[in-house]
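> need a 3D model of the sequence below.
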Amino acid sequence: MAPLRNSQNSIGGDFFKSALTALVITCGLFFSSCVQFTPSVRVATSLQIEHQGIHWADSDSDGIPDPIELTTSSDRENFRKWFAMIAELQFYNESNQWNIEQRDCAGLVRFAMREALRRHDRAWFSRMGAEYSSVAPDVRKFSLEKSPVGEKLFRTNDNSFILDDLDNGSFNEFADAQSLRSYNSTFISRDRRQAKTGDLLFFNQPFAQEFPYHVMIYIGRSGSVAATEPDWVVYHTGNSPSDRGQVKKVALSVLDKHPDKKWRPLESNQNFLGFYRLKILD
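Predicted coordinates:
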């Protein structure tokens, strides 16, 4: 015969189980509340997030926040004109405002971009030199002097934009050619007919192991010289301890016949990555 259960023990056991169950439920509610109010990563997608009086959002989810994207056709066109003119004039006379330590292919893009976004007032023209003249109204959305991100215009990683990016190093004043391509511009086409003034051309030369990426700026029709070619590009050849390099200006039709086929901007050339557009314009 099975031993009889002690009724007192049974009652005590039931009470213990009930108490334990209540404790589990209470803790569950407590931790649920804790999870609910734990600060989360401040994501800025299509939602408007107010921070320092600015609506930080990334409506097109390209990693570049809306406050530094040029959203009107007039701003985009004006930026293109300044950007192309400033880059092209470095071929004739490299500006003393361009840090000599940053004179390479990506450095030309960074310099022309920053100067294109500045206020082009009397002080700016005085600094830059007599060869500079006004080619368009200034960008209206913001000037570099009052940029929401200061001079840290360039994204350094491939993540979606979050508000913490403003402080965690995701934006920087510096970007090499690979970063310009991967994080700061959007592929347009390998067909030059789709290119616009101010677009970028990228090449990948794996044999150059340290710096395999190279960037050029598409000017289109030159604003400095009377010429029939409608497809000029400018670029810096890069620098080394023994050679500072130089800015070159050449028509795509000439590059098409470059002695080294790896530098030809043709769709058939696998080293030519195509035309890209800065994300602030896209």
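> was I right about residue 273 contacting residue 181?
Yes. Counting by CB atoms under 8 Å, residue 273 does reach residue 181; the two are 7.0 Å apart. C-beta here means a position set from N, CA and C on the backbone, and glycine is covered the same way.
> between those two, which contacts overlap?
Residues touching both residue 273 and residue 181 by CB atoms under 8 Å, 6 or more residues apart in numbering: residue 202.
> flag the shaky bits of the stretch 151-282 of the chain, pLDDT-wise.
Low-confidence segments of the stretch 151-282 of the chain (pLDDT under 70): 209, 224-228, 241.
> who's more crowded, residue 273 and residue 181?
Higher neighbour count among residue 273 and residue 181: residue 181, with 23 against 19, using other CB atoms under 10 Å.
> wait, that one sits on residue 274?
No. Checked against CB under 8 Å, the pair residue 181 and residue 274 is beyond contact range at 9.7 Å.
> now the common contact residues for the two.
residue 202.
> geometrically speaking, which residue is the centre of the protein?
For the chain, the residue nearest the mean C-alpha position is residue 184 (2.5 Å; CA atoms, centre = their mean).
> can you pull the contacts of it?
64, 154-155, 175, 278-279.
> quick one: residues in contact with the helix or strand residue 111 falls within.
Counting by DSSP states H and E, the element that carries residue 111 is helix 105-116. Residues from elsewhere that reach helix 105-116 (CB under 8 Å, 6+ apart): 79, 82-84, 86-87, 90, 95, 97-99, 102, 128, 139, 144, 151, 153-154, 173-177, 179-180, 200, 214-217, 234-238, 247, 278.
> restricted to helices, list the residues you listed.
Counting by DSSP state H, the part of the contacts of helix 105-116 found in helices is 79, 82-84, 86-87, 90, 128, 177, 179-180.
> can you put those in CSV and add distance to residue 106 and neighbour count?
Shown next, in CSV, are those (distance: CB to CB, whole Å; neighbours: other CB atoms under 10 Å):
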residue, distance to residue 106, neighbour count
79, 18, 22
82, 19, 24
83, 14, 24
84, 17, 26
86, 15, 25
87, 12, 27
90, 13, 22
128, 21, 17
177, 4, 23
179, 8, 19
180, 6, 23
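> so where's the stretch 1-150 of the chain shaky on pLDDT?
Applying pLDDT under 70 to the stretch 1-150 of the chain flags the ranges 1-52.
> which parts of it are strands?
49-51, 54-56 (DSSP state E, counting those that start in this stretch).
> neighbouring strands - and their directions - for the last one?
For strand 54-56, the pairing partners within the sheet under DSSP bridges are strand 49-51 (antiparallel).
> measure stretch 115-126 end to end?
Length of stretch 115-126, first residue to last, CA to CA, to the nearest Å: 13 Å.
> coming back round to it: which among the ones in helices among the contacts of helix 105-116 gets closest to residue 71?
residue 79 (11.6 Å; CB to CB).
> hmm, residue 69 and the closest one touching each other?
No. The pair residue 79 / residue 69 is not scored as a contact, 10.9 Å apart, by CB under 8 Å.
> find residues that contact each of those two.
Residues touching both residue 79 and residue 69 by CB under 8 Å, 6+ apart: 280-281.
> what number of residues lie near residue 200?
Count around residue 200 with other CB under 10 Å applied: 26.
> also residue 274?
20.
> cool, residue 150 as well?
Neighbours around residue 150, by other CB under 10 Å: 12.
> backbone phi and psi for it, please?
Main-chain torsions, residue 150, degrees, to the nearest 10: phi 60, psi -140.
> distance of it from residue 83?
19 Å (CB to CB, to the nearest Å).
> now residue 92
For residue 92 relative to residue 83 (CB to CB), the value is 16 Å.
> who's residue 272 bridged to?
residue 203.
> residue 280: what's it in contact with?
64, 68-70, 79, 153.
> same check, this time on residue 260
Taking CB under 8 Å, 6+ apart as the definition, residue 260 has no contacts.
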